[in-house]
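Participant: predicted structure and sequence below. I'll ask about it afterward.
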Amino acid sequence: MSALLSVTGLRAGYGNVEVLHDVNVELEEGTLCAIVGANGAGKTTLLMALAGLVPKRAGRVIFDGNDVTRLPSHELVRRGLVLVPGGRRMLPQMTVEENLQVAAAAAGAPGFARIPGLLDRFPILQQRRALPAGSLSGGEQQLLAIARALAIAPRALLLDEPSMGLAPKLVDEIFAIIAAERARGTSILLVEQNARRALALADRAYVLERGRVVLSGTGAELATHRDVVAAYLGG
Ligand SMILES: Nc1ncnc2c1ncn2[C@@H]1O[C@H](COP(=O)(O)OP(=O)(O)OP(=O)(O)O)[C@@H](O)[C@H]1O
Ligand SMILES: [Mg+2]
């Protein structure tokens, strides 16, 4: 089976500093792939490079059979490779619904038609739809950040630490949404601090250390791997 997203020999960084060294990652269609690693390992840089927001110095990214290594971020979004960045960036003065409309505009007319269905899937956002996004709690803003990406109907969703800083109940809700989205057939690349939850959900997983992939396997394999347990699962 050929992967929906295939990354080979990727190098990327900032200024003179190379952060990612020869990274190889594959995301199969309809699966969830988790990336775990310590602070500063390069997880965010990997997602940003894949989204076209950090320049790639070497390597190749194939998405849906096409070489997309050099495509700009808006073209990647148009093709269905969509990043939900960490930090829930949104338009705080605009309402929840307007935030969804702005995102949906990226997908043209079909995007707008998706908004009512999305609000049904996110009851909190339905309740808050006329409020400024900036007035939402952190957890509600994270839900909105994910809903905005779904308004584009991504083929592959890149999620950067979606559960970071959230209360346990909201963490459950975020993971339930991620699982449901995979069940709908969306392929997901998930970066998570919460390695236990991420590996439990992952079909495949990678451990990134200092910009290199040091381990990979199924989620179940890595969840019981001695080094992973010791370093990331508090074993
Ligand atoms: N905009 C930037 N300019 C310069 N260096 C950066 C920039 N962003 C990140 N770095 C550096 O790149 C390295 C990898 O950072 P990155 O944010 O990708 O790690 P991460 O695995 O996402 O960490 P965290 O778990 O803290 O989110 C770090 O050494 C960091 O200091
Ligand atoms: Mg990060």
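Facilitator: Looks like it arrived, so ask away. Numbering: from 1, shown residues only. Ligands and ions are numbered 1, 2, ... in the order given.
Participant: excluding chain neighbours, give the residue nearest to the residue in the chain that ligand 2 sits nearest to in space.
Facilitator: Proximity of the chain to ligand 2 (C-beta to the ion) peaks at Thr44, 3.1 Å away. The C-beta positions use only the backbone N, C-alpha and C, and glycine is treated the same way. Spatial nearest neighbour of Thr44, excluding adjacent residues (C-beta to C-beta, 6 or more residues apart in numbering): Asp160 at 5.6 Å.
Participant: cool, and Ile124?
Facilitator: The nearest residue in space to Ile124 (C-beta to C-beta, 6+ apart) is Glu140, at 5.6 Å.
Participant: wait, is the one you found part of a strand?
Facilitator: No. Glu140: not assigned to a strand; according to DSSP: H, G, I helix; E, B strand; the rest coil it is helix.
Participant: show me what contacts it?
Facilitator: Counting by C-beta atoms under 8 Å, 6 or more residues apart in numbering, Glu140 touches Ile124, Leu125, Arg128.
Participant: and the buried ones among those, selectable in PyMOL?
Facilitator: Paste this into PyMOL to select the buried members of the contacts of Glu140, with burial taken from 16 or more other C-beta atoms under 10 Å:
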select buried, resi 124+125+128
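Participant: just the closest of the contacts of Glu140 to Asn24, please.
Facilitator: Of all the contacts of Glu140, Leu125 has the smallest distance to Asn24: 36.9 Å, by C-beta to C-beta.
Participant: which SSE is the closest one in?
Facilitator: Leu125 is part of helix 123-127, with elements assigned from DSSP states H and E.
Participant: that helix packs against which elements?
Facilitator: helix 109-121, helix 138-150 (3 or more C-beta pairs under 8 Å, 6 or more residues apart in numbering; DSSP states H and E).
Participant: what residues of stretch 81-97 count as buried?
Facilitator: Neighbour-count burial for stretch 81-97 [16+ other C-beta under 10 Å]: Leu81, Val82, Leu83, Val84, Pro85, Gly86, Arg88, Met90, Thr95, Val96, Glu97.
Participant: let me see the ranges of the helices in the chain.
Facilitator: 43-50, 73-78, 96-105, 109-121, 123-127, 138-150, 168-183, 195-201, 219-223, 226-232 (DSSP state H).
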